[in-house]
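> sequence first, predicted coordinates after that:
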There are 2 protein chains.
Amino acid sequence: MAVKGLKTKDKHIHSLAKLTGGPSNILYHKEDLIAYDCDGFTIHKHLPKAVVFPKNTEEVAALVKYCSENQLPFLARGAGTGLSGGAIPINGEIIISLVKMKKLISIDLENRRAVVEPGFVNLKLTNSIADKGYYYAPDPSSQYCCTIGGNVAENAGGAHCLKYGVTTNHILGLEVVLPGGEIIEIGKNGIPDSPGYDLLGLITGSEGTLGIVTKITVRILKNPESKQTVLAYFDSVSDGSGAVSDIISAGIVPAALEMMDKTAIEGVEAAAFPVGHPKDIEAVLLIEVDGISAGIDEQITQILEVCTKWNVREVKAAESEAERARWWANRKTGFGAMGAISPDYLVQDGVIPRSRLPEVLEKINQISNESGLRIANIFHAGDGNLHPLVLFDSRIPGQTEAALKAGSACLQVCAEVGGTITGEHGVGIEKREEMRFVFTDEEILAQTKVREVFNPDNLLNAGKLFPSPGRCAEVKKEMKAAGL
Amino acid sequence: MAVKGLKTKDKHIHSLAKLTGGPSNILYHKEDLIAYDCDGFTIHKHLPKAVVFPKNTEEVAALVKYCSENQLPFLARGAGTGLSGGAIPINGEIIISLVKMKKLISIDLENRRAVVEPGFVNLKLTNSIADKGYYYAPDPSSQYCCTIGGNVAENAGGAHCLKYGVTTNHILGLEVVLPGGEIIEIGKNGIPDSPGYDLLGLITGSEGTLGIVTKITVRILKNPESKQTVLAYFDSVSDGSGAVSDIISAGIVPAALEMMDKTAIEGVEAAAFPVGHPKDIEAVLLIEVDGISAGIDEQITQILEVCTKWNVREVKAAESEAERARWWANRKTGFGAMGAISPDYLVQDGVIPRSRLPEVLEKINQISNESGLRIANIFHAGDGNLHPLVLFDSRIPGQTEAALKAGSACLQVCAEVGGTITGEHGVGIEKREEMRFVFTDEEILAQTKVREVFNPDNLLNAGKLFPSPGRCAEVKKEMKAAGL
């Protein structure tokens, strides 16, 4: 049953077009597909077989069922801002794009929750409820364009997650299309800590390998009565790190506690939102506290005392909302700003125990020296989430490989001090092999067994999140032989 | 190979004794086993085959492996304070008691975490770090005796979970013995939001059906600088409920926001810790706020304004730490206090959207009238977690059944208004059938499939958490036939 207006004889394209209501909801020409050959992780590229744009849950379920019945690999994609390659169609997948499912379905201020479709853009939620004094807390730097569905897949973080938690802490319910096409609802009625197994937590952060989320109930928060934002400049990274540790030890939980090093400062000052950071400074802290007005001044006073103890050169508080917004734009566009000082950059995402910060930065410095590549550091210092940015030039033969190697070495350092290999960007295809830095074969096996329950044919987003099967398959055989 | 000192010829008892280092670490005589025939849910009782007391992870793994190889049903038990029957050996299980694994392994104040064995008592953790200004947040009413391992199994809550979250929000890492005897570590290095699937969340609250937790890394918090506690008395439950809603709507997140109705007040005043609540009052709120000192007075002022708006009869603030402690003892021993006004009571545990409180209480009142049984209500009002306490006399024929029916009806009301059937006590054997109030067959099937991955022979704690298999088995067959 051919669909009119399609310029292909591929029967699957005709069938998929039919399931989404016609030729305007499918892309299949090579020139259209190029825009979908990677996401925010641009080092690997692969063309999808097609991109389809369902408009509702039923269409998603029908598409998934079709792919499953015809053994066609498929994956879901939001805004494509992911940084670890989770939406790259490395097996020539059918991409199920959720950008047309972008409705704000309902808002329930009294019970503090909202229901959205997966293609709804993160920042739009806060914008929709700001006039009533509410907001949605997880704030990845891409929040002006990334989708909440993508945030669920990657368990996205953000600068303000130190105090308020990452995406998983704000998801109350999900409607999910399983890889066989079944539609299930988890986190029933948006009530936290539902009976039964915590499938909500399992799906959140599963990087699109267990199902496709089609409806999301999120927690919304009341705006804090007041906030204050401070910049503190230090002549050494270890002084800055000491201040971070002591602020947390003092029992203060800032809404955000961000740090940038000298190379990062050079980048952000050369890019779109310079704020006049001193050029010779080694580290800047961006500290924000929020809450009841009466408590803010007391916390700021304590923070200033800590900074003074750690030889701060200069501290200043934002004098207006406009100044505060500019400081945040300077920080939030920090990754992209590296483009102003380097043709290419690779962003990494490690986590370490806060107390090991100075030592880890010293080791990253060594990696930089050994690789001959500059590494800028931007990090959510309060929760020990580092973003080393390896600067390189892909036109120079060997530099891409050197950058990847340096990035991996940074993660190994994080794992070695008792940390881990991703805080908020996910594993995707980028850090598959680095999973071995933190998991034993048995532990990886336990996880892939969970994947098999939901995704038995591994048609959904195969090849992501776990190391290449070679070694694991052997382990599996051995374990089976041993009766495990 | 017989073990000396055992007065039985049962070869399994000898083998199990050997695996735990001798006859002093196993119970197998009927008179010893009686103490283990139920937990805090005393309506169903069943004798275990034996109770073993391993001293370390390796012994647990060896016991589990032995049970698995010999197809002996088994389950884990902490202090036996669970309220839904999760530790009742309904299949004559071998009980693996974790009370001898009760070490506080390490404390890392700088990175805010502690590692404990599963038999470590909840309150002891706070007592161990209180002098340094820290505490462990989840505070079930049984915290003076319940174990952290049991808290993980049930995802235990507590009065202060409104602000600080339930157990799952405080667990950073687990060592788990899987039902085949493999030892895995999840939540590597105690770093939150680890890469890979969130098995940490999956195991937490799985009610002892997926594995046995042998080591736990928990988050510890800095004591709030200051706290203030208030009692507010209302002449109607709906006024009290209105105040609860408005306090939350005002953007205040109290550390605790508890409510008791008239019958509950009658009970607590007749029991061990009376505090002089007026006898003719319909509802009392116990409200605690904590944080930076400067913010406390402002919040209390706002709370008093809200209470006044809702016609509060009397409000008083605790004038000393001793008075505060007594108010909390009055509330925390509330369930047991029902023993002072009724020979038996059944505690239920439903959750509702906060805004539906007055309507739900009215329906519970109808259930009370229809059943002829008094129902007291004690609840974590701030997060909509109700504990209807059905008062009955098991010596009167039919009253136990009537109480069970009334308890189930209360849960049905919770589910009908968009809530759920357990907030913190778990499903266990008590609420298995009530799972159908909130989950479809497909949704239950998705969960039991996850159980099969970890617990393929269903030897570990079988018959808990999910409805009796009858109907589900049929669904499964149908789904299989349909190729799902």
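The structure has been received and is ready for your questions.

> low-confidence stretches in chain A?
Scanning chain A for pLDDT under 70 picks out A:1, A:189, A:469-484.

> residue A:220 and chain B, how far apart?
According to CB to the nearest CB, to the nearest Å, residue A:220 stands 12 Å off from chain B. Any C-beta I mention is one placed from the backbone N, CA and C, and that applies to glycine too.

> ok, residue A:41 next?
Counting by CB to the nearest CB, the gap from residue A:41 to chain B is 15 Å.

> not counting sequence-adjacent ones, nearest residue to that residue?
Closest residue in space to residue A:41, ignoring its immediate chain neighbours: residue A:85 at 3.8 Å, by CB to CB, 6 or more residues apart in numbering or on different chains.

> before we move on, what about residue A:86?
Counting by CB to CB, 6+ apart, the residue nearest residue A:86 is residue A:428, at 4.1 Å.

> so what's the one you found up against?
Taking CB atoms under 8 Å, 6 or more residues apart in numbering or on different chains, we find residue A:428 in contact with A:41, A:82-86, A:88, A:207, A:464-465.

> tell me the spacing between it and chain B.
Residue A:428 is 10 Å from chain B, by CB to the nearest CB.

> so that residue sits in a strand?
No - applying DSSP: H, G, I helix; E, B strand; the rest coil, one finds residue A:428 to be coil, outside a strand.

> quick check: phi and psi at it.
phi 50, psi -130 (degrees, to the nearest 10).

> what does residue A:94 give?
Residue torsions, per degrees, to the nearest 10, at residue A:94 are phi -80, psi 120.

> my guess is it meets residue A:17, correct?
No - taking contacts as CB atoms under 8 Å, residue A:94 lies outside contact range of residue A:17: 11.6 Å.

> quick one: terminal-to-terminal distance for stretch A:85-93?
End-to-end distance for stretch A:85-93: 14 Å, by CA to CA, to the nearest Å.

> now do the shared contacts for residue A:94 and residue A:17.
residue A:52.

> three-state assignment of the residue nearest to residue A:41?
coil.

> neighbours of it, how many?
27 (other CB atoms under 10 Å in any protein chain shown).

> gap between it and residue A:52?
21 Å (CB to CB, to the nearest Å).

> and residue A:386, by the same measure?
From residue A:386 to residue A:52 the distance is 38 Å (CB to CB).

> and residue A:257, helix, strand or coil?
Quick answer, by three-state DSSP: residue A:257 is strand.

> grab the nearest non-local neighbour of it.
residue A:382 is the one closest to residue A:257 (CB to CB, 6+ apart), at 3.2 Å.

> that neighbour belongs to a helix, doesn't it?
Yes - checked against three-state DSSP, residue A:382 lies within a helix.

> what's near enough to touch it?
Contacts of residue A:382 (CB under 8 Å, 6+ apart): A:162, A:244, A:247-248, A:254, A:256-258, A:354.

> how about residue A:436?
A:444, A:467.

> ditto for residue A:334
A:141, A:260, A:264, A:267-268, A:378.

> please repeat the previous calculation with a cut-off of 6 Å.
A:268, A:378 (CB atoms under 6 Å, 6 or more residues apart in numbering or on different chains).
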